[in-house]
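> Any chance you can model this:
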Amino acid sequence: MAKVQLCNVVVLDNPSPFLNPFQFELTFECIEELKEDLEWKMIYVGSAESEEHDQILDTIYVGPIPEGKHMFVFQANPPDVLKIPVVDALGVTVVLLTCSYRQQEFVRVGYFINNEYTDPELKENPPTQPQFDKVFRNILASQPRVTRFKINWDDTDTLHQTTENTAHTLEEELVNSNSAVGFSESSSQSAMEVM
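Residues are numbered from 1 along each chain as shown. Purely as a prediction, here's the structure:
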């Protein structure tokens, strides 16, 4: 049984200018004390064609963690625009939130993002080189995709699983699919609750 359950994710400052920081309010529950840190990552998928354009926007370590419910805001700077292929600058992409314990990823939440100009003239006649200061991003907060992985929470190595090979597969699913699993919309706020 997982010792950590992701309870809630709220997308903050959305929609917003492309160059604004990403902000997510994360609530998780720990069913027993964890001796080591949880590693949280925020990843921007620069292109559905290749992982080489993925950017880790930030990595934070939280812990040691006592039993109970915990909440924090995960904020990260926007991606480096020079590393995003011009053809993938506008349109739909993905941002991923992952959490690992002892270098084993156990949960991944993906959100579609739509990057577009709001100016009607730029929409109709987009410049050859994207003008990121005029691009707005809209995170589809109501349709996250959640993937959970079984890991070994204890000191033994019997259940250790590697999840690296699943990363790009999930990114492709997110970019190519409109369905959502795992979260339902909260009526009181732009929040997603784990079912």
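
> Now for P130: which residues touch it?
Going by C-beta atoms under 8 Å, 6 or more residues apart in numbering, P130 touches V81, V86, A89, L90. Heads up, the C-betas are built off the backbone N, CA and C, glycines and all.

> one more time with 6 Å, if that's ok
P130 makes contacts with A89, as judged by C-beta atoms under 6 Å, 6 or more residues apart in numbering.

> where's it relative to N115, distance?
9 Å (C-beta to C-beta, to the nearest Å).

> Settle this for me: S100 is touching W40, isn't it.
No: counting by C-beta atoms under 6 Å, S100 stays clear of W40, with 8.1 Å between them.

> what's the first-to-last distance across stretch 114-124?
Using C-alpha to C-alpha, to the nearest Å, one end of stretch 114-124 lies 16 Å from the other.

> no no, stretch 142-152
The separation between the terminal residues of stretch 142-152, taken as C-alpha to C-alpha, is 31 Å.

> can you check stretch 93-109 too?
Distance between the boundary residues of stretch 93-109 (C-alpha to C-alpha) amounts to 14 Å.

> Let me see the residues that make contact with it.
With C-beta under 6 Å, 6+ apart as the criterion, stretch 93-109 contacts 6, 38-45, 110-111, 113, 144, 146-149, 151, 163, 171, 174-175.

> Sitting in strands, which of those residues do you find?
Mapping those onto strands (DSSP state E) picks out 6, 38-45, 110-111, 113, 146-148.

> Check those against E121 and report the nearest one.
When the ones in strands among the contacts of stretch 93-109 are compared for distance to E121 (C-beta to C-beta), I113 wins out at 22.8 Å.

> Looking at strand pairing, list the partners for that closest one.
Taking DSSP bridges as the rule, I113 bridges to T93, I139.

> What does the pLDDT read for it?
Note for I113: predicted pLDDT of 96.

> For burial, what's the neighbour tally of it?
Number of residues near I113 (other C-beta atoms under 10 Å) recorded here: 21.

> Kindly report the same for E52.
Applying other C-beta under 10 Å, we find 9 residues neighbouring E52.

> and it, which of the three is it?
Recorded secondary structure, E52: helix (DSSP: H, G, I helix; E, B strand; the rest coil).

> what's near enough to touch it?
Residues counted as contacts of E52 (C-beta under 6 Å, 6+ apart): none.

> at 10 Å what do you get?
Counting by C-beta atoms under 10 Å, 6 or more residues apart in numbering, E52 makes contact with G46, K83, P85.

> so how far is E124 from the residue nearest to the last one when sequence neighbours are not counted?
In other words, P85. Using C-beta to C-beta, 6 or more residues apart in numbering and skipping residues adjacent in sequence, the residue nearest P85 is S47, 5.3 Å away. As defined by C-beta to C-beta, S47 lies at a distance of 25 Å from E124.

> For the two, indicate the residue with more neighbours.
Taking other C-beta under 10 Å, S47 and E124 do not tie; S47 has more neighbours (18 against 8).

> how about the more buried one, secondary structure?
Three-state assignment for S47 (three-state DSSP): coil.

> What segments of this structure are helices?
Secondary structure of the chain, counting by DSSP state H: helices at 120-124, 164-176.
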